[in-house]
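[1] From the sequence below, what's the structure:
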Amino acid sequence: DELIALCKKYGFEGLNLHKKLITKELADKVKQENLDLMVWTVDDPAEVLQLMDKVSCITTNKPDIVRNLLLQNNW
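    This next block holds a predicted model:
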């Protein structure tokens with residue numbers, strides 16, 4: 001809630017957080033506030049699948065693999 005409040009206060013468009021900080025609860029709150037939620041650095045395909053419904057952007061060191069995985073899952 002504090003991060004969301006800071007985004008609103010300073011006019012940020014979203015949060016860019018480490019993958020370990022992303023939860024369903026946080027993703028829902030961020031979405032309710034019309035903010036973007038971005039995640040870094042996700043290279044494991046299983047983690048991509050877990051996070052793709054929670055975030056609007058995924059930073060990775062393996063863009064070809066992640067891109068193909070996202071396309072296969074209609075992201």
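[2] now the residue nearest the centre of the chain: how far from G14?
    Residue closest to the average C-alpha location in the chain (C-alpha atoms, centre = their mean): V55, at 2.9 Å. In this view, V55 and G14 are 9 Å apart by C-beta to C-beta, to the nearest Å. C-beta: built from backbone N, CA, C; applies to glycine.
[3] So what's the predicted local confidence for the residue lying farthest from the centre of the chain?
    The centre of the chain is farthest from one residue, K9, which by C-alpha atoms, centre = their mean lies 20.7 Å away. We note a pLDDT of 97 for K9 in this prediction.
[4] doesn't it fall inside a strand?
    No: counting by DSSP: H, G, I helix; E, B strand; the rest coil, K9 is located in no strand; its state is helix.
[5] For it, give me its contacts.
    When contacts are counted by C-beta atoms under 8 Å, 6 or more residues apart in numbering, K9 touches no other residue.
[6] Touching, E47 and K19? I think so.
    Yes: with contact defined as C-beta atoms under 8 Å, E47 reaches K19; the gap is 6.2 Å.
[7] can you dump the C-alpha coordinates of the helix or strand harbouring L71 into PDB?
    Per DSSP states H and E: L71 is located in helix 63-72. Taking C-alpha atoms only, helix 63-72 is exported to PDB below (Å, rounded to 0.1, in the frame of the first residue of the first chain):
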ATOM      1  CA  PRO A  63      14.100 -12.500 -24.500                       C
ATOM      2  CA  ASP A  64      13.700 -15.000 -27.300                       C
ATOM      3  CA  ILE A  65      12.600 -17.800 -24.900                       C
ATOM      4  CA  VAL A  66      10.300 -15.500 -22.900                       C
ATOM      5  CA  ARG A  67       8.800 -13.900 -25.900                       C
ATOM      6  CA  ASN A  68       7.900 -17.300 -27.500                       C
ATOM      7  CA  LEU A  69       6.500 -18.500 -24.200                       C
ATOM      8  CA  LEU A  70       4.300 -15.400 -23.900                       C
ATOM      9  CA  LEU A  71       3.100 -15.700 -27.500                       C
ATOM     10  CA  GLN A  72       2.200 -19.400 -27.000                       C
END
